[in-house]
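>>> Starting from these lines, generate the structure:
(5 chains, ligands or ions: 4)
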Amino acid sequence: MDYNWNWGVLFEEPYLGWLVMGVQWTFAVAIAAWALALVVGILVGVGRTLPSRPIALVCTAYVELFRNVPLLLQMFLWYFVMPELVPDDMGRWIKRDMPNPEYVTAVIALGLYTASRVAEQVRAGIESVGTGLTNAAYANGFSVAQTYRYVLLPISFRLIVPPMTSEFLTIFKNSSLALTIGLLELTAQSQQIAEYTFNGFEAYTAATVIYVCIALVATLVMQVAERYTRIPGYMGSK
Amino acid sequence: MAGFDFAVILNNLPFLWQGLQLSLLLTGLAILGGIVFGTLLALMRLSGILPLSLLAATYVNLIRSVPLILVIFWFYFLVPLALGRPIGSFYSALIAFTLFEAAYFSEIIRAGIQSVRKGQVHAGQATGLNYWQIQRHIVLPQAFRNMIPILVTQGIILFQDTSLVFVVSLRDFMTVSSIVARTEGRLVEMYIFAACVYFVICFAGSLFVRHLQKARTA
Amino acid sequence: QDITSGRLGAIAERGSIVLGHRESSVPFAYLDENQNPVGYSIDLCMAVVAAVEETLGKDLEVQFVPVTPQTRIALMANGTIDLECGSTTNNLTRQEQVEYLPVTFITGTKILTRKDSGIASVDDLDGKTIALAQGTTNERAIKAAVEERGLDVRILPVKDHAEGMLTLETDRVDAYSTDHILLHGLIQKSRTPDDFAVVGDFLSYDPYALMIPRNESDFELVGKRALAALFRSGEIGEIYERWFGPMGVEQSDLLQASFQLNALPE
Amino acid sequence: MIEIERLSKWYGDFQVLTDCTTRVARGEVVVVCGPSGSGKSTLIKCVNGLEPAQKGRITVESVDVTARGTDLTRLRSRIGMVFQHFELYPHMTVRENLCLAQQKVLGRSRDEAVAKAEALLERVGLSQHIDKHPGALSGGQQQRVAISRALAMDPVAMLFDEPTSALDPEMINEVLDVMVELAREGMTMMVVTHEMGFARKVADRVVFMDAGAIVEDRPTEEFFGSPSSDRARDFLSKILDH
Amino acid sequence: MIEIERLSKWYGDFQVLTDCTTRVARGEVVVVCGPSGSGKSTLIKCVNGLEPAQKGRITVESVDVTARGTDLTRLRSRIGMVFQHFELYPHMTVRENLCLAQQKVLGRSRDEAVAKAEALLERVGLSQHIDKHPGALSGGQQQRVAISRALAMDPVAMLFDEPTSALDPEMINEVLDVMVELAREGMTMMVVTHEMGFARKVADRVVFMDAGAIVEDRPTEEFFGSPSSDRARDFLSKILDH
Ligand SMILES: Nc1ncnc2c1ncn2[C@@H]1O[C@H](COP(=O)(O)OP(=O)(O)OP(=O)(O)O)[C@@H](O)[C@H]1O
Ligand SMILES: Nc1ncnc2c1ncn2[C@@H]1O[C@H](COP(=O)(O)OP(=O)(O)OP(=O)(O)O)[C@@H](O)[C@H]1O
Ligand SMILES: [Mg+2]
Ligand SMILES: [Mg+2]
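Ligands and ions are numbered 1, 2, ... in the order given. Model prediction:
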């Protein structure tokens, strides 16, 4: 089991180009999915805490459904199953005429899945603000909407900045699952380099280092964000 | 692919069951291994001995910033190289999952230990108990009781994560469902069925977690 | 010959031999209705296994590990599998990592498409989408051909032949490409064989062989000997007939010549 | 002004309030006391509809709180409420805490709101803290801000739920002093508290609760002079002699 | 018995204790009081080494607590300590809470330990709760169990850190009564508390702290009769007249 080391391969064309492309796709998927996840996740998370039973129920169902099925399977459901369930024309459009079907599918699958996790954080954030403050706002004469707008959301958003950091990192990592539907993001590219050059060590190391760098940068950025959003002297914000 | 044919599920039930067994086995063993190794990492981090806690922290943060798929690739191909002998793909995957999940378990366990109020340690010290007696009788029992719901939740996540061995064709439930789906050309039925199975198991798990939490606050 | 060291020794010690197999390379190695691996290459591998058992003087447990085009070389190189039974092309680049036993089949890259797609050769792929299995020689052959002709072709990478066929069947792509013989196998296993056709010229030369670890000359000798015996005795003809007969694929002159060349005397 | 009639309330199977009847007239100060868990907080939260009741009726200035269709938001803006744990908005400065509802609920202009806030803070002696966040203030200061926040809405009545029980002993008086002054100015007040000194000083009536029921409801001197129930006597003896 | 000499302590740059000197003789009861954050808890935790101090010396029965190499575990087993938040072990029954250290530290047999536990619980009137978990008891009951737990080790002295400040007012006396009895039996006690009634009744001396320093350390009657410092007078006036 002798192994021929060759780090130079990472800097040769076309392999360097592949890595760069892989990073671009990883970012493209992660960022777009994150935007989707934030929008849907915040709506669903707020919905779960509303006094209206039906809305809360629908939002709870969403969260349970999306977080209890493996993401890989959700990718497949969106990619293979969904086009077969819609009317034929539409299915064909999705599969053939939609630009970048793998990319769009990956973003939707990853975004909606992550939304269920974001929703949980949002809900936890709102609930941790506590009934005391909520009652205070109501007693002040605020309506439900005003209470959310001026009290619950501003506080809970600040509280959930740290858990959101880790969700943001998770979405980068989970974007690697897009390789199963044929999107050549970073992990897929490193694997392809391993196949072409048989220098698996080097290829996987390159991908690992890039992921670690992404994590480091994201953590730093979020730490700054945390500092700016911290509420002076409030319990729960360290 | 017009028309549903759910008979395909019945015909392949034994095969699917084998896959599910492998998923569950992998999950169970990885949870055990992950908790043992994770506790070790957590104790290292809280030990107050700088090299140890630095080592553990580096490991945990490294693993947590890398996608599981990449870790699986690493271990699937490199464990035999490192060991100098093949150990079979199941064990490669098991090692990958154990080491990967240990990083997550260690964070849970660390938080669990820290969730025990400092006053409890003080109370133990004030009656003259030593470090190990306090850990053994006061801190760890409370820490684990506090942690159980989160540990179970992480177990559910781990169970879902095992589906990723699909990328190396290990015959877990996900892979097996895919094989049936593709060889029989019954994608829609099989993937929906697989989703239902995962959902039922994981949802039951999260109901159990909720029950635990309610039992604890009551 | 020294059977106590090297891979043979390791196999003897653990009492089992690990065969890597493909899951959708019809008829070389694929899954039967009980999801067990069967096929032409599997039968040849079993002959090699029998020879290994004889050499070692003990019965071996046979373990099957599924492999894909992306994993097979790495798993061979890292020692997870002892012998690969699939549809692997023997080429010199790969010989930097692994070793091969004598050629057992000869084929080349062609294109599978729907009969009504209007595609008759690579040149017709312009503006179309084709699925390619990652890590195959065919992937490179098609990419090279496309580049040479300056065509605009969208490529969808897939994991293996089953997934390639799936994307074609579900209309996600216009064509799938791999070795000619495998394409026939895929059509045969399809639920609507009449819809598909294999088109175009051979775009590559792909001699198949069983893959073994590199620098294992003792093991290699046992394998060569086992295959030579099959070639000499004509038993290869029976095995061939069993798997290719139903498909109506005869042994080509080239393949027969190859069998002859490797039917070395003891 | 506040009339509570035969109010009963359940949490699931558990009855928290049983047939409670009492009233607070305009300008009156009523202290509610009783052992922990006896339902004092629940009763007071029912008054401005923060908790719904299943039976009985509450009216505030002839508005039926318990009726469906009552505009609770409007009602609440006219009743001030002060909580045990202050419940200031932690992400806003003291000024914002006092101005927010004035602007959003009463529709006052920014200038009006700020002027009001400054005047109130001046009164409780906290003018110099107007730009701080609540987290930077001591408990006693926070509670005085909370009282000002409620007063900023020009309430017709004030509800207090154990306003001093989360405070360090040395800070209790600075809050009680503000409340005493308020009472002397004629504010209608309903105060849940264990501070019997405060009750003696300003309360017109004392309501004693036990296990969800109102056991005594009598003028202050009568209550302290000769509590009629054993339970109240017992409670008073425990709470007074340390 | 307990001697504190010129003790100073820092948390990082922040000095919590400044040059504190005092002593508690055998059988004496000393009450420590002072405003919040003045360092009372820190001081008392230093006495049995729960917090390390950077400067100065503490000796307990001639054992130097602050010296390196002192067997703190052994020392602590001889000093009982009671905390503001009880700190009973929530996962054990009351019996286990009382027996754990007796068995593990003193090496008593199970029977001895249980007999001791039963006797102590009898004394504080909680025999019937011996099999319950702490969570099932009221705050006052929990604190009485916590006192019993400390007494089970046959301590030579007892430290109390605001033992009644987390209790509902009606439960304060049941705990103070136990402490008064203990004091009358001659236990050496150092008690951080705001309960001036208790201090008056049983304390031999009162130590008043402010901003980390001991401002007054005088016999009880003198302290209440004529506190010499403005800060103490101010504090007493705030804490006594409500
Ligand atoms: N949301 C709730 N669900 C179920 N029971 C509740 C809820 N809120 C309060 N209770 C119960 O109702 C009873 C009365 O509670 P309430 O808070 O009104 O008491 P209280 O007199 O204010 O006591 P305290 O002095 O401790 O504040 C208690 O037994 C409490 O446990
Ligand atoms: N672990 C710590 N790190 C930093 N500062 C601390 C720590 N523990 C306490 N302090 C600070 O030390 C000072 C004294 O604290 P201590 O708890 O001894 O006060 P106290 O007199 O007991 O007050 P209280 O009446 O509120 O209990 C306070 O200002 C507190 O903020
Ligand atoms: Mg209350
Ligand atoms: Mg303290």
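>>> Output the set of residues of chain D in proximity to chain A.
Contact residues (C-beta under 8 Å from any C-beta of the partner chain) of chain D with chain A: D:45, D:48, D:50, D:72-74, D:76-81, D:83, D:85, D:87-91, D:100-101, D:104-106, D:133-136, D:149-150, D:153, D:159. C-betas here are computed from N, CA, C, even on glycine.
>>> What helix or strand is the residue most central in space within chain A located in?
When chain A is reduced to its mean C-alpha position, the closest residue under C-alpha atoms, centre = their mean turns out to be A:I171, at 3.4 Å. A:I171 belongs to helix A:161-174 when elements are defined using DSSP states H and E.
>>> how about the next helix or strand after that helix, does it get close to chain C?
Proceeding N to C from helix A:161-174, the next assigned helix or strand is helix A:186-197, under DSSP H and E. Yes. Judged by C-beta under 8 Å from any C-beta, helix A:186-197 comes into contact with chain C at A:A188, A:Q191, A:Q192, A:A194, A:E195.
>>> Show the overlap between those residues and what lies near chain B.
Okay, of the residues of helix A:186-197 next to chain C touching chain B (C-beta under 8 Å from any C-beta), that's A:Q191, A:A194.
>>> Which residues are in contact with the closest residue to chain A within chain B?
For chain B and chain A, the shortest gap (C-beta to the nearest C-beta) falls at B:S65, measuring 3.2 Å. Shown in contact with B:S65 (C-beta atoms under 8 Å, 6 or more residues apart in numbering or on different chains): A:L169, A:K173, A:Y211, A:V212, A:I214, A:A215, A:L216.
>>> Count the residues that sit near the closest residue to it other than its chain neighbours.
Leaving aside its sequence neighbours, B:S65 sits nearest to A:A215 (C-beta to C-beta, 6 or more residues apart in numbering or on different chains; 3.2 Å). A:A215 has 21 neighbours, counted by other C-beta atoms under 10 Å in any protein chain shown.
>>> do the same with B:E189
20.
>>> Relative to ligand 2, which residue of chain B is the closest?
As assessed by C-beta to the nearest ligand atom, ligand 2 sits closest to B:K118 within chain B, at 8.7 Å.
>>> Which residues does stretch D:67-78 contact?
Applying C-beta under 8 Å, 6+ apart, the contact partners of stretch D:67-78 are A:138-143, D:48-50, D:60-61, D:63-65, D:101, D:105-106, D:153, D:155-157.
>>> and residue 212, helix, strand or coil?
Let's take chain A. At A:V212 the chain is in helix, as set by DSSP: H, G, I helix; E, B strand; the rest coil.
>>> Let me rephrase: I mean chain C.
Following three-state DSSP, we place C:I212 in the strand state.
>>> That one contacts C:F219, correct?
Yes. Applying C-beta atoms under 8 Å as the test, C:I212 and C:F219 come out as touching, 6.0 Å apart.
>>> bridging residues for the residue positioned nearest the centre of chain D?
What sits nearest the mean C-alpha location of chain D, by C-alpha atoms, centre = their mean, is D:F160, with 1.5 Å. Legend: beta-bridge partners of D:F160 under DSSP bridges are D:V82, D:V191.
>>> Does it touch D:F86 like I think?
No. At 11.8 Å, D:F160 does not count as touching D:F86 under the criterion of C-beta under 8 Å.
>>> mind listing what the closest residue to A:V23 other than its chain neighbours touches?
Spatial nearest neighbour of A:V23, chain neighbours left out: A:L186 (5.6 Å); criterion: C-beta to C-beta, 6+ apart. Contact analysis of A:L186 by C-beta under 8 Å, 6+ apart lists A:L19, A:G22, A:V23, A:W25, A:T26, A:S176, A:A207, A:I210, A:Y211.
>>> And the pLDDT for A:L186?
You'll see A:L186 listed with a pLDDT of 93.
>>> ok, now how distant is it from A:I193?
Between A:L186 and A:I193 the distance is 11 Å, computed by C-beta to C-beta, to the nearest Å.
>>> who touches both of the two?
In contact with both A:L186 and A:I193: A:L19, using C-beta under 8 Å, 6+ apart.
>>> In contact with the residue lying closest to A:Y196 once chain neighbours are set aside, which residues?
Nearest residue to A:Y196, sequence neighbours excluded (C-beta to C-beta, 6+ apart): A:Y15, at 7.4 Å. When the contact criterion is C-beta under 8 Å, 6+ apart, the partners of A:Y15 are A:V9, A:I193, A:Y196, A:T197, A:A203.
>>> now swap in C:L203 and tell me
By C-beta under 8 Å, 6+ apart, the neighbours of C:L203 are C:G108, C:T109, C:K110, C:V122, C:N138, C:A141, C:I142, C:A145, C:S177.
>>> Next: D:A213.
So D:A213 contacts D:L17, D:T18, D:D19, D:C20, D:G39 (C-beta under 8 Å, 6+ apart).
>>> now do D:F160
Applying C-beta under 8 Å, 6+ apart, one finds that D:F160 lies in contact with D:I44, D:M81, D:V82, D:M179, D:M189, D:M190, D:V191, D:V192, D:T193.
>>> so what pLDDT did it get?
Per-residue confidence (pLDDT) for D:F160: 96.
>>> Which positions in chain D make contact with chain E?
So chain D meets chain E at D:35-36, D:168-173, D:176, D:194-195, D:197-198, D:235, D:238-239, D:241-242 (C-beta under 8 Å from any C-beta).
>>> Which residue ranges of chain C form strands?
Using DSSP state E, the strands found in chain C span residues C:16-21, C:24-25, C:29-31, C:37-38, C:61-66, C:83-85, C:98-107, C:109-114, C:129-133, C:154-158, C:175-179, C:196-199, C:206-213.
>>> out of those strands, which comes closest to B:L151?
For the strands of chain C, the distance to B:L151 is smallest for strand C:61-66, at 32.4 Å, taking C-beta to C-beta.
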